[in-house]
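1. structure of the sequence below:
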Amino acid sequence: MKRAVLGATMLGGAGVGVMRWLSSRQTKVRTEREAGRWLMVTINRRPEEVVPDGRLPEPLARLGETIEVQVREAPGDRGTELGARPVAPMAGGMNEVMARLGGEDPRQMVRRALRESKCLIETGEVLRGDEVTMTRPVPGGTLADLASHRAGGGVRP
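-> This next block holds a predicted model:
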């Protein structure tokens, strides 16, 4: 019992420390170098197959004018590099953290669209992981559920 209380106190203290650290940071717009970083995937297809007649894959086309897209041959004749990045600058600090936790971070949306595009082009369908099902609540089960739910938006392509 004492260990459980101690563990909860330590986790709570860590959360407070993180929140204090975040609130002490100045909210600023990221520099052009940070905000302009491209997210890339390598697709095992020729550029003509990736963007036929200049049409973007459907997941990227859904994002419309909110992203910039780059298509080029991958080095060593290894397919095509497909890259994208959000056009709008992203705010830092607490606003960024809240957007990421809420699944509204533009970089997460671009990352997901790139991953889905790669799957569609290479396999013809968007591959999804199996749902994790738990028959009974277990300690840490809520954290496991949260992690598996968030993994779809946070895993790099």
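2. list the buried residues of whichever strand or helix holds R107.
-> Following DSSP states H and E, one finds R107 within helix 106-123. Applying a neighbour-count criterion of 16 or more other C-beta atoms under 10 Å, the buried positions in helix 106-123 are 106-122. Yep, even glycine has a C-beta here, placed from its N, CA and C like the rest.
3. likewise stretch 79-95?
-> So for stretch 79-95, counting by 16+ other C-beta under 10 Å, buried means G79, T80, E81, L82, G83, A84, R85, P86, G92.
4. for these, give me a markdown table that also has secondary structure.
-> As requested, those are exported to a markdown table (DSSP: H, G, I helix; E, B strand; the rest coil):
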| residue | secondary structure |
| --- | --- |
| G79 | coil |
| T80 | strand |
| E81 | strand |
| L82 | strand |
| G83 | strand |
| A84 | strand |
| R85 | strand |
| P86 | strand |
| G92 | coil |
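5. need the worst-confidence member of those residues.
-> Lowest-confidence member of these: G92, scoring 74 (pLDDT).
6. test my guess that E58 contacts L120.
-> Yes: E58 lies in contact with L120 (C-beta atoms under 8 Å); the separation is 7.0 Å.
7. that older thread, for the buried residues of stretch 79-95, which one is nearest L127?
-> Relative to L127, the closest of these is L82; by C-beta to C-beta it sits at 16.8 Å.
8. shaky segments in this structure?
-> Confidence mapping of the chain against pLDDT under 70 gives the ranges 1-35, 91, 131-142, 144-157.
9. could you rerun that using 50?
-> 1-11, 13, 21, 25-33, 154-157 (pLDDT under 50).
10. ok, which stretches of it are strands?
-> 39-43, 67-73, 80-86 (DSSP state E).
11. neighbouring strands of the first one in the sheet, and parallel or not?
-> To tie it back to what came earlier, the one meant is strand 39-43. strand 80-86 (antiparallel) (DSSP bridges).
12. please consider this matter closed, and thank you.
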